[in-house]
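[1] my questions are about this predicted structure, shown below with the sequence.
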Amino acid sequence: NFVTGHNDASDWKLLEVAPKGLRSTLLNLVEQEIKNAKEGKPSGIWFKCNALVDPVLIQALYRASSFGVKIELIVRGVCCLKPGLIGVSENIRVKSIIGRFLEHGRIYCFAAGHEMPSPKNKVFISSADLMQRNFDRRVELLVPIENNTVQAQILNQIMVVNLNDINQSWEMDKLGNYHRLNYDTKKISAHDYFMKNPSLSGRGQSLNKIRPKVIALFAK
């Protein structure tokens, strides 16, 4: 038990594990986006989680924003980062989606020098929210997505639809207050979309007959 005992975790080939190095891995990924932005390459960060509290990661996201990295945060619960502050976080948007389902998925996506969404982006799923207790006092996993179909589902379905959601979204202003976006039956509801459309993954040849509705990033 490497949380309360004296044994260290073994080295992992693909997984990153808290409390050993999950935070540092995310920080390195954010730093790479800053490097790409400085070099004029595409950069961007998309997070979907339940809480964003860790001050070290928040400062890293502020720094990334100050270098022009576009950051989209879907944080269902508490978020200690404030978006829209000039010179600090004007490239960050924070929203919370509250609807029929209580979601607990954590997804962390990085442009990695390519426009988003792209098959060449780096995509991770995780058990960890962005909190000190998850990084420092719990055993948590960060898992890279290497299957192309699953990666496409996460980026082009789950993340794009959640980023486009209007009808169940609350957006945070620079003072930390949330404002409900204008409901419109013609606009996107993420939960309705996922109830009505098949998943890209796990359907094999059936996708040739029934394909999910495609939504462009920030569709009008």
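    Okay, I see it. Residues are numbered from 1 along each chain as shown.
[2] am I right that residue 28 is in a helix?
    Yes. Assessed by DSSP: H, G, I helix; E, B strand; the rest coil, residue 28 belongs to a helix.
[3] gap between it and residue 185?
    Distance of residue 28 to residue 185, given as Cβ to Cβ, to the nearest Å: 43 Å. Just so you know, the C-beta spots here come from the backbone N, C-alpha and C atoms, and that holds for glycine as well.
[4] more crowded one of those two?
    residue 28 (12 against 6; other Cβ atoms under 10 Å).
[5] need the pLDDT of that one.
    You'll see residue 28 listed with a pLDDT of 98.
[6] now the lowest-mean-pLDDT helix or strand in the chain - C-alpha only, PDB.
    Lowest mean confidence among the helices and strands of the chain (mean pLDDT, DSSP states H and E): helix 190-196, at a mean of 90. Output in PDB follows, covering the C-alpha atoms of helix 190-196 (Å, rounded to 0.1, in the frame of the first residue of the first chain):
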ATOM      1  CA  ALA A 190     -26.100  17.000 -24.400                       C
ATOM      2  CA  HIS A 191     -28.200  14.500 -22.500                       C
ATOM      3  CA  ASP A 192     -30.900  14.400 -25.100                       C
ATOM      4  CA  TYR A 193     -28.300  13.800 -27.800                       C
ATOM      5  CA  PHE A 194     -26.800  10.900 -26.000                       C
ATOM      6  CA  MET A 195     -30.200   9.300 -25.400                       C
ATOM      7  CA  LYS A 196     -31.100   9.600 -29.100                       C
END
